[in-house]
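Engineer: would you be able to build a 3D model of this:
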Amino acid sequence: MTAGRTDVRPDGTVPFRATFGRSVGLFAAFRKEQSDPAFFYGKLAHDTIAQLRSYTPLDGRLVVDVGGGPGYFADALRAEGARCLCVDSDAHEMTLHGREADVHAVQGSALDLPLRSGSVDVCFSSNVLEHVPDRIRMADEMVRVTRPGGLVYLSYTLWLSPWGGHETSPWHYLGGSYAAERFTRKNGHRPKNDFGRSMYAAHAKEMLRWVRGRSDVDVVDVRPRYLPTWMKPIVHVPLLREVITWNLLIVLRRR
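Structural biologist: Numbering: from 1, shown residues only. The predicted structure is shown next:
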């Protein structure tokens, strides 16, 4: 929790520094995603919640983690005093890596969230949007369930980034179907992130257009999630942003 911290702003938020050293540490951790998922996801969750605190206080807030899976982000959110509910469409995902099923999790679709409109303080989603076939509908749902004045934190991997094909990268640059088939031939099984089935081509242009088309949200921030602050302007450069941004973060305030 942030109680007693001397760096807490008057509005309850906490400053966050997106430095080059931080980026190096995060990208180094990606190498351990498969071999040590607890380390990787724990580190990512800790970093993400520190970033989220720069936009909104968390202590006592009701946060829904859309696509929360095994609950690493939920653990970090609760450590900050948030009341966190996970929503995931796949029951198996909720117990990955030997994790206990979260008693505060419900099975449900990101495209039709099982929550009342305007019922949560923060609607949070990390690296889920690229795994749904209708990205606009998922984003609409996240705004719908957020109360006026509440925050939407939406982050996802861009298809044309070096990690756009996930474990099938960098062959996704030759086509998602080709990359999935190549992975299958090499490993004897389909990739978990299987293009056209459990992973889709998500672009920055599509979601930035969606943001501009909404009259019920204010833009708090748009930035490359893992990159240092000085690289933030890249999100305004068409085409180049699709490759360099890597992971796009969109933060909105519900009107």
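
Engineer: and residue 171, its phi and psi?
Structural biologist: phi -70, psi -10 (degrees, to the nearest 10).

Engineer: kindly state the pLDDT recorded for the one residue sitting closest to the centre of the chain?
Structural biologist: Of all residues in the chain, the one closest to the mean position by C-alpha atoms, centre = their mean is residue 126, 1.4 Å from it. If you check residue 126, the pLDDT there is 96.

Engineer: gap between the closest residue in space to it that isn't next to it in sequence and residue 174?
Structural biologist: Leaving aside its sequence neighbours, residue 126 sits nearest to residue 155 (C-beta to C-beta, 6 or more residues apart in numbering; 5.1 Å). C-beta: built from backbone N, CA, C; applies to glycine. Going from residue 155 to residue 174 by C-beta to C-beta, to the nearest Å gives 26 Å.

Engineer: picking that back up, the residue nearest to the centre of the chain reaches residue 73, doesn't it?
Structural biologist: Yes - assessed by C-beta atoms under 8 Å, residue 126 is found in contact with residue 73 at 6.2 Å.

Engineer: correct me, but residue 227 touches residue 248?
Structural biologist: No - Residue 227 lies out of contact with residue 248 (C-beta under 8 Å); the separation is 10.5 Å.

Engineer: what is in contact with these two at once?
Structural biologist: Here residue 227 and residue 248 have no joint contacts, going by C-beta atoms under 8 Å, 6 or more residues apart in numbering.

Engineer: helix, strand or coil for the residue lying farthest from the centre of the chain?
Structural biologist: Here the chain reaches farthest from its C-alpha mean at residue 185, the gap being 30.1 Å by C-alpha atoms, centre = their mean. With DSSP: H, G, I helix; E, B strand; the rest coil as the basis, residue 185 sits in helix.

Engineer: what does the pLDDT read for it?
Structural biologist: pLDDT at residue 185 comes out at 97.

Engineer: can you offset everything so residue one is 735?
Structural biologist: Yes, from this point I'll number from 735; that puts the last item at residue 919.
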